[in-house]
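> Test case, fold it:
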Amino acid sequence: MEFTSDEDREEYFKRMDEHRRTPIDDVVAEQQFIAVVNGKRREVVLQIGRPYAAPQGEYRCPAALWGLEDRFSDIPGEGSLQALSLAHRFVLDRVIDRISSGTARFYYPGYEDKELSVSYIKKVHGMVNRRPRKPKPVSSSGG
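Alright, predicted model coming up:
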C-alpha cells in the first residue's frame, strides 16, 4: 500500500486500530523471515489467520508480523476471500515498506546471504502488474 503523505499513513493506521484484534488461533498462512533492523537480527513471523464473519455483516481476517510490528487490526473485506486477500496484501506491503524505506533488510532463514528485494517479494506473491496478452492474429487461408 502506498501513501501520498505521512498524514495519510497515520490516518489509515488510526482507522485500522479502531477495529478489533482477534487472537490468531487458526493460522492459515505463515512465512518466517530474518529481519535486520538497526544492525540487529530479528526473527520475524508473518501470520494470517482464518477470516471470520463480523457482526456488521462483513468479514475480517487477523494478521501479524510477530517480532517486527506484531499484531494488526483485523483486515475487513466484503467476503472471506476478499478479507484474506487484503490481509495477505497488507502484511506484505508492510514488509515492502520496510525494505523500500531502508529501515529493515529481510532474508529467508538459512539463506541470509541472499537479501530479499521488493521486486522479488512482489514477483513470488503475484503482486506484479501483468500486461494483458495480445491475441494472436488468425491466419486466413485462401482455400
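> Quick one: the helices in the protein, in order.
Assigned by DSSP state H, the chain shows helices spanning 6-17, 80-101, 118-124.
> if you skip the residues just before and after it, what's nearest to the most centrally placed residue in the chain?
Central residue of the chain (Cα atoms, centre = their mean): residue 92, 2.4 Å from the mean position. Using Cβ to Cβ, 6 or more residues apart in numbering and skipping residues adjacent in sequence, the residue nearest residue 92 is residue 125, 5.7 Å away. C-beta: built from backbone N, CA, C; applies to glycine.
> so how many other residues sit close to the one you found?
Look at residue 125: counted by other Cβ atoms under 10 Å, it has 14 neighbours.
> Over to residue 70?
Other residues near residue 70 come to 9 when the count uses other Cβ under 10 Å.
> Tell me how far the closest residue in space to it that isn't next to it in sequence lies from residue 92.
Spatial nearest neighbour of residue 70, chain neighbours left out: residue 64 (6.0 Å); criterion: Cβ to Cβ, 6+ apart. Separation of residue 64 from residue 92 (Cβ to Cβ, to the nearest Å) stands at 13 Å.
> what is in contact with these two at once?
Counting by Cβ atoms under 8 Å, 6 or more residues apart in numbering, the residues touching both residue 64 and residue 92 are residue 46.
> Let me see the ranges of the strands in this structure.
Remark: strands assigned in the chain by DSSP state E are 27-37, 40-49, 52-53, 59-61, 63-66, 70-71, 75-77, 105-107.
> and the gap between residue 110 and residue 71?
Residue 110 is 26 Å from residue 71, by Cβ to Cβ.
> hmm, back to that, deepest in the core, which of the helices of the chain is it.
Highest mean neighbour count among the helices of the chain (mean count of other Cβ atoms under 10 Å): helix 80-101, with a mean of 18.
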